[in-house]
Every structure is written in structure tokens, then in C-alpha cells.
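how would this look folded up:
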Amino acid sequence: MPILNRAAELQSEVTEWRRHLHTKPELLFAVENTAAFVENKLKEFGVDEIVTGLGRTGVVGLIKGNLGEGRTIGLRADMDALPMTETSGKPWASTTAGKMHACGHDGHTAMLLGAAKYLAETRNFKGAVAVIFQPAEEGGGGGNEMVKDGMMERFAIEEVYGMHNMPGMPVGQFGSRIGPIMASTDEFTITIDGRGGHAAQPHKTIDPIVIGSQIVNALQTIASRTVDPLASVVVSVTKFNAGFAHNIIPEQAVLAGTVRTLMPEVRDLAEGRIKQISESLGSAYGAKIKVSYGRNYPVTVNHRQETGHALSAAANIAGENQVSDDLDPMMGGEDFSYMLLARPGAFIFIGNGDTAGLHNPAYDFNDEAIPHGISYWVKLAEMRLAA
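Have a look, this model is predicted:
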């Protein structure tokens, strides 16, 4: 079951769009130029309605079918880049130091634009398709901002779908799963206030470095001794800041890190245990402990029926043997999770081939995936909005 002929015809043009976007990466909500590019393309395509400024800088285009009134489904792509310096060496590499499309959002945007062009040309469906271009996936929660701005209600969106590229998965393949597919992304900071002094007289101090080291080790028991071995949790301490001289025990140490889980109850348990472990160890050594815990993106949970629809559309394009319906969950996070809390839907992965990994300075989106992504979006829309 091949890709659509029209999608193959569009590959060269969409590749040009993608590479243009790649040269001009923008961060978080400051995606004004990218959003303007998207808006101009949607105008060229003749979509029925274009709304800008949703979720601060998001863009939504509404394309109405020719087969009568009906439901509206949403198709979402993210637009923002990462604060990294690119080392890919490609002719279309980032022209802005310290910013690059290291997660393929340029490809996601380009593929959805390609699908929008196709759908606006053919309109072979009933109801409407809302093409959603979202800012600030990389830590800003732009998906949540668009939901809070009333996007679902404004366009009467009943189902919503997202797609992300996956390095290491061959081009032309797809994968997803029912239920949790990406983790919640919480952050914690532990401040340890002890009593500083001369390093040669440690008995006169309350050493925050020793206490911090004990806390780092003890936090690993959350995964090994607190959470069910069949459940998933990651507790990683990624910062340990303390001290400024060889012969001084400092007054304070600060730890920070991240917690990743796939179940709400495990999320609650991990948060509680981090506070209990830290405060108890601090008390045992006579230090004051402050734990700040922030909940960021929730678990990305695919809905059963909508995941079936997404996998069916992918199989229609790629063939059953090229689509995995039992992809392993990942401990990375996704703010498409907010849209899936607002409406039923599904998140699917598309193969990016043998490329550098996501968030790697050598990464580049694989343009050979473009016709597959366009075909998937089109087929999904036409199947879900069939007359």
C-alpha cells in the first residue's frame, strides 16, 4: 500500500519549506517568523479560516470538506526549536548560533503544511479538519496554552492527533500503543542548609555535601525499593552544586533533578517519597531541608479507539507489517498530553531512519519521511471524516 501519488509529488516543495524553517529556528513562544510562514502558506492553500495568536503564537487553519456537514478533527504539529548549537554540517543548517531544530519540529510543521495543501485541494471528506501549529513544546507547555485559550471549543474539535519522528525507526514505518506512551516530566530542587566551617574540623560543621550525597543515593531506592518493579519510574539527580574552596565545608548544597513516570499514582508516590527521604535525612544530620517539586507535562495517554484509528490509517499507507501497535513507552515527555486530556486522540511515531538522535547537535530531520507523513495525515482525515 504505497504513499499517495500527490504526496510524492509534493515532496520536493515541502522539503524546501522544511529546510527553510531549519535555517531559522525559534524557541518556545517566540516563533513569530515560523508562525507567519505557516499563516502565509495556509492563505496560499485557500483554507477556510485561519486563526493566529492561540496559545500566544499558535496557528490553526480550518479546512472544510466537500461532502457535507460533520465533525471536526484536529491534527497537530509543533513549531519550536531547541537552545543548542548545530553540528550537522548540512547546507541548510541553522543560521542562528545557539538555536537549532534538534527534535524535528521543522519536519513536523512541513509535513502538516503538505497535508493541509492536499486537503485544501481535494476536500474529499465530510466535516472539517483543523490543522494545529503549536509553539513551545520544548518546555513551555504551548499545548496547554492553546487548550486554555479555548481552541477545542472554538473549532468544535472532537478528536485530536499528533505525530513525532523517531530516529532509528526505518523511514516508512509507524508505531504507537494504547495507553501511556510518554512520561510525565516533573522537576525537583532540594536545598540543604547546614553549618559551614574549616574542612580540617568537620566535627564542628553540619556538612551539606555529605548529607546531599546520602540523599542522592537514597533517592535511587524509589525505583528499586518503593515502586512496583512492573511500573516505570525514573528519578535522576542532574545537578549537585556546593562549595567554593578546597579547605572550606560550605553552608549549603543544592540538588536538582527530574522524575519521569507513566502512571498518576506512581507520580504521586515519587513526589511524596522525595520529600520524605530528603527531610528525614536532613533531620538525622541536623540540617534544614527545603524541597521544591514542580509538576510539568502530564503522562501522554493514547485513547483506545483513536489509537486504533491512527494505526489503521498508518497501515493503510505503509502496510500492516510496517506498523507496530505495541511500541514501548518512552520516558521522554510531550505536551500533546494536554490536548489528549482535553479530547480523545492518539500520538504516533513515524520513522526517521538511521539518523542522529533527538536533541543531538548532529540531528537533522530526514526529508525522505515527508511523503509518508503527508500521506498518513491525509488518510487519517479522510478515514475519520468519511461520508
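
which residues touch the nearest residue to D335 once chain neighbours are set aside?
The shortest distance from D335 to any non-neighbouring residue, by CB to CB, 6 or more residues apart in numbering, is to G143 (3.9 Å). All C-beta atoms are positioned from the backbone trio N, CA, C, and that covers glycine. Taking CB atoms under 8 Å, 6 or more residues apart in numbering as the criterion, G143 is in contact with 55, 76, 134, 137, 335-339.

and which of those residues is nearest E121?
Proximity to E121 was ranked across the contacts of G143 by CB to CB; first place goes to R76, at 21.0 Å.

can you list the residues that contact whichever strand or helix holds that closest one?
Element membership for R76 (DSSP states H and E) is strand 72-78. The set of residues external to strand 72-78 that reach it, using CB under 8 Å, 6+ apart, is 62, 105, 108-109, 111-112, 115, 127-135, 137-138, 142-143, 151-152, 155-163, 336, 339, 343, 345, 377, 380-381, 384-385.

swap the cut-off to 7 Å and go again
Residues outside strand 72-78 that contact it (CB atoms under 7 Å, 6 or more residues apart in numbering) are 105, 108-109, 112, 115, 127-134, 137, 155-162, 336, 339, 377, 381, 384-385.

list only those of the residues you listed flagged as buried.
Those of these that meet the buried threshold are 105, 108-109, 112, 115, 127-134, 137, 155, 157-162, 336, 339, 377, 381, 384-385, by 16 or more other CB atoms under 10 Å.

which of those residues fall within helices?
105, 108-109, 112, 115, 336, 339, 377, 381, 384 (DSSP state H).

may I see these arranged in CSV, with distance to M263 and pLDDT as well?
What follows is these, written out as CSV (distance: CB to CB, whole Å; pLDDT from 0 to 100):
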residue, distance to M263, pLDDT
H105, 28, 98
H108, 27, 98
T109, 32, 98
L112, 31, 98
A115, 33, 98
F336, 18, 98
M339, 20, 98
W377, 30, 98
A381, 32, 98
R384, 29, 98
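
before we move on, the earlier item: now, among the contacts of G143, which is nearest to L262?
S337 (11.3 Å).

sec struct for the closest residue to V51 other than its chain neighbours, please.
Leaving aside its sequence neighbours, V51 sits nearest to V60 (CB to CB, 6+ apart; 4.9 Å). The three-state label given to V60 by DSSP: H, G, I helix; E, B strand; the rest coil is strand.

mind listing what V60 touches?
Counted by CB under 7 Å, 6+ apart, V60 has contacts 51, 54, 130-132, 151, 155.

which one of these is nearest E44?
Distances from E44 to these, taken by CB to CB, are shortest for V131, at 13.5 Å.

and that closest one, what pLDDT?
Looking at V131, its pLDDT stands at 98.

cool, M1 as well?
Looking at M1, its pLDDT is 54.

repeat that for D335.
D335 is assigned a predicted lDDT (pLDDT) of 97.

hey, what's the nearest residue to V227 once chain neighbours are set aside bridged with?
Leaving out its chain neighbours, the residue that sits closest to V227 by CB to CB, 6+ apart is V233, at 4.7 Å. When bridges are called by DSSP bridges, V233 pairs up with T261.

surely N316 and L380 touch.
No. Using CB atoms under 7 Å, N316 makes no contact with L380, being 8.8 Å away.

looking at these two, which is more packed in?
L380 (27 against 17; other CB atoms under 10 Å).

in contact with the more buried one, which residues?
Counted by CB under 7 Å, 6+ apart, L380 has contacts 161, 309-310, 313.

may I see the PyMOL selection of the buried members of the residues you listed?
A single PyMOL command selects the buried members of the contacts of L380 (16+ other CB under 10 Å):
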select buried, resi 161+309+310+313
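
which of the contacts of L380 fall in strands?
Y161 (DSSP state E).

mind putting the contacts of L380 in a markdown table, distance to I370 included?
Below are the contacts of L380 laid out as a markdown table (distance: CB to CB, whole Å):
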| residue | distance to I370 |
| --- | --- |
| Y161 | 18 |
| H309 | 22 |
| A310 | 19 |
| A313 | 17 |
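
out of the contacts of L380, flag the one nearest to Y297.
Y161 (17.8 Å).
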